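S.K.: sequence below, structure please.
(chains A and B)
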Amino acid sequence: MLAAAGMLDVRIGGESIPVFVPPYATANKTVHVPKSGPLDGNGRRSLYLKIRRNFYDPLLLVFDFPDRGKSVGKRLVTTTPAQALAMLNSEFVHHVSKSWGKSLANVDDAFLAAIGRMPSEKEREQFEPLFVLEDGPYHVAHLIFNHPDFLWIK
Amino acid sequence: MDKVIRRRDFLSAFGAMAFAGVANGKGHHNARAKSVIYLFMEGGPSQVDTFDPKPILKQRAGEPLPFKNPATVFNSSNKLMPSPFEFARYGESGSSVSSIFPHVASCVDDLTFIHSMHHNNSNHSEGCLLSHTGASVAGFPSMGSWITYGLGSSSQNLPGYVVLDCGQTPSAGAHCYSNGFLPAPHAGTPFRTGDNPVEFLTSSDPLQGQKLEAIRSLYRDAKLPGVLSNYEKAARMQTAVPELMDLSEETEQTKRLYGMEDPRCTLFGSRCLIARRLVERGVRFIELFSPRVKADRWDQHGGLKQGHTNNSVAVDQPIAGLIKDLKQRGLLDETIVLWGGEFGRTPSSQGSNGRDHNPHGYTVFLAGGGFKPGVHHGATDEFGYYAQQDKVHVHDLHATILHQLGIDHERLTYRFGGRDYRLTDVHGNVVKAVLS
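M.R.: Predicted structure coming up:
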C-alpha cells in the first residue's frame, strides 16, 4: 500500500520505528501502556518496526505476522474476515488512501500504480463515478486496496 | 496425523460449519460439551484461603513447616500462617468455602473441585503460559486455539475464540491467547469494553455500502467467492458484535444475578453475562481474565486479607450468576466453566501477612460440561503445600477438557518445526474420576 501510494521509504538502515497504538486499544489499561509511534510507520518497511512482545502491530497481526518469540521456518498464509475488516476499516488503510488520494489524478493512474494494468470497461464503470464524488480520489484509492488483483497474486 | 483435524486449516477465522461432522461436536468421540468459559484468576489465588481449608495452620501458627520448604520466588519463611478468613460448609456436598466467596458457596453442588493441581513453574509468566498453552515458554498455541482448530466454531458471525477484556493483560500478555504456530484464525480475539470492542470493527466510512457492492462484483468476476465470503462475514460482524455487547435487552433480574448493580463487580459481571451470550451464539472458547481492582491481581505477597478480599468481591457474584444463569437456561450441561489461576500460594508466610507463589499444590474448580458436580478430587498435604493424593498436572486438566469436547488430546496434532505437536506435549491423562 505504501509503495502504491508513493509513500514507501526504501532506505536501508536507521532507527526502529515504534508501533502505532490506537488510543482505544489501551483505553482501560493503566500499566504497560506502550508509547505510540506514527500511524504509517514513517513509511518504512515493516522490517524497521519496533517489536514489543506484548503489543504487535494490530494490522500486521491479522496478516499472519509471525510470533517473535521463536524462529518460524515458514510464514502462514490465511484468508480471514478479520483481514477483510482491516482492509475496510483500519486507520492505516484509510490514512494511506487519503494521502494517496491527494495526488491521484485519475482512475487509470490508480490501477497502474496499484495493480500494474489499466482498468477494464466494467471496472471503469465501477470506479469512475466514485472518483468524482467529494473525496473521490481517496475512496478510489481505498477501493483499489480492496481489489482482488491487489490483494491476490494469481 | 489426523486428516479430519488437519482440515481445520481451511476453516476461516469466524469458523463456518464447513465440515459439519466435526463442527457438530463429533470430534474423535462423542462430546459432552460444546463450549468452554475459562475464568482465569491471574496472580495465584491462595488455595488455603479459598477452597482448601487447613485448620492446622491456625493450630500451629508461626511454627515452622516440619519439612524443608522448596525454594520460593522470594525465599520466604517456612513459618505457617493461618488464613485470615473463616471457612464454612455449604450445600449437600458439604463443600468448604472461605468467607470471601459467599456467592460461589451457594453453587458448590454444581462445582467440581480439583485440590491437587500442580506443576513446576513458580513465576507468573511461565505459569500463565503453561496453564494456557501447556508450555512454559512463549510461542505455543493456547488451549482455546487448539479447540477451535479441532472443532471450528458454530458461530457464523463471531470468532471461535473470544477473550473478554477485563482491563488487565496477564503476565506473558497476548501469548496466553496466541495461536502460536496454528493458523492465525485460531488466535483468541480480544473484545474490549467500550465503543470499539473489536479491532477494525467500527466503520466511519460513509461509502462503505457502495464499496461493498463494488467489492462483491469485483470478487465475483475474479472467481474468488471464498474471499468474498470473508467480506460478507466482516460486514455481518459489524452488526453482530455491537448486538452481542448490547446488554439492554437483558432483564434487570438477570443483571442483578450477575451483580452488575454493585459497582465493584459491574465490569466482571457484564463480561460474565456476555460470556453466556457468546455461548448462546455458538462460540467455542471464551476467556475472562480477573479484572483490575484496588489491589494487585491475586498476587498477595503482602496484605493478603485485603488484596484477596478486593479480588474476590469483583468476581464472586458474577461467577455464581454465570453458573446459575447457564444452569437455568439449560446451557450448563454443554458448557465447561473453568476457574483457576496459574498456581496457588504458600501456606507459610511471606513478611507478616502475605504468601509466596506455590505451584506444587493448588485448587481449580469446574462446572458443567459433564464434570461430576459436588465432587472434591485430590488433596494437598495437611498444610496445603504439596498436591499429595490423586495429583492432577496442568497437562491432565487440558487432556480432560479436550476429552469432554470430544477430542482425544493425543490425536489432535499439528506439524511444526519437523514434528507433530500437541497441547499436552507428550504428557496428560484424562482424569476420569471427575467425569460423570
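
S.K.: for the helix or strand where residue A:139 lies, what is the distance to the chain centroid?
M.R.: Secondary-structure assignment from DSSP states H and E places residue A:139 in helix A:136-145. Centroid separation between helix A:136-145 and its chain, computed with Cα atoms, centre = their mean, to the nearest Å, is 12 Å.

S.K.: report pLDDT for residue 3.
M.R.: Just so you know, I chose chain A. In this prediction, residue A:3 carries a pLDDT score of 96.

S.K.: right idea, wrong chain: chain B
M.R.: As predicted, residue B:3 sits at a pLDDT of 38.

S.K.: which other helices and strands does the helix holding residue A:139 contact?
M.R.: Here helix A:136-145 touches helix A:91-101, helix A:107-115, helix A:121-131, helix B:208-221, going by 3 or more Cβ pairs under 8 Å, 6 or more residues apart in numbering or on different chains; DSSP states H and E. To be clear about C-beta, it is placed using only N, CA and C from the backbone, and glycine gets the same treatment.

S.K.: next SSE downstream of that helix?
M.R.: Next along the chain after helix A:136-145, taking DSSP H and E as the criterion, comes helix A:148-151.

S.K.: can I get that next one as CSV, trimmed to CA atoms?
M.R.: Output of helix A:148-151 as CSV, limited to C-alpha atoms (Å, rounded to 0.1, in the frame of the first residue of the first chain):
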residue,chain,number,x,y,z
PRO,A,148,-8.8,-8.8,-5.7
ASP,A,149,-5.9,-8.2,-8.0
PHE,A,150,-4.2,-6.0,-5.4
LEU,A,151,-4.7,-8.5,-2.5
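
S.K.: could you see whether chain B lies near that helix?
M.R.: Yes - using Cβ under 8 Å from any Cβ of the partner chain, a contact is recorded between helix A:148-151 and chain B, made by A:148, A:149, A:151.

S.K.: which among these count as buried?
M.R.: Neighbour-count burial (16 or more other Cβ atoms under 10 Å in any protein chain shown) applied to these gives A:148, A:149, A:151.

S.K.: so which of the residues you listed is the closest to chain B?
M.R.: Compare each of those with chain B using Cβ to the nearest Cβ and the shortest gap goes to residue A:148, at 3.8 Å.

S.K.: pull the number of nearby residues for the closest residue to that closest one other than its chain neighbours.
M.R.: Excluding the flanking residues, the one nearest residue A:148 by Cβ to Cβ, 6 or more residues apart in numbering or on different chains is residue B:222, at 3.8 Å. By other Cβ atoms under 10 Å in any protein chain shown, 16 other residues sit near residue B:222.

S.K.: cool, and residue B:287?
M.R.: Using other Cβ under 10 Å, residue B:287 is surrounded by 25 other residues.

S.K.: in contact with residue B:376, which residues?
M.R.: By Cβ atoms under 8 Å, 6 or more residues apart in numbering or on different chains, the contact list for residue B:376 reads B:93, B:95, B:113, B:115.

S.K.: now, those residues that are in strands?
M.R.: In strands, defined here by DSSP state E, the members of the contacts of residue B:376 are B:95, B:113, B:115.

S.K.: let's have those in CSV, adding pLDDT and distance to chain A.
M.R.: Converted to CSV, those look like this (pLDDT from 0 to 100; distance: Cβ to the nearest Cβ, whole Å):
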residue, pLDDT, distance to chain A
B:95, 98, 34
B:113, 98, 32
B:115, 98, 32
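
S.K.: Serialize the residues you listed to TSV and add fields for distance to residue B:227.
M.R.: Putting these into TSV (distance: Cβ to Cβ, whole Å) gives the following:
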residue	distance to residue B:227
B:95	52
B:113	48
B:115	50
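
S.K.: element containing residue B:312?
M.R.: Counting by DSSP H and E, residue B:312 is part of helix B:304-328.

S.K.: how about that helix: buried residues?
M.R.: Residues B:304, B:307-327 are the ones in helix B:304-328 that count as buried (16+ other Cβ under 10 Å).

S.K.: for residue A:71, grab the count of nearby residues.
M.R.: So residue A:71, with other Cβ under 10 Å, has 9 neighbours.
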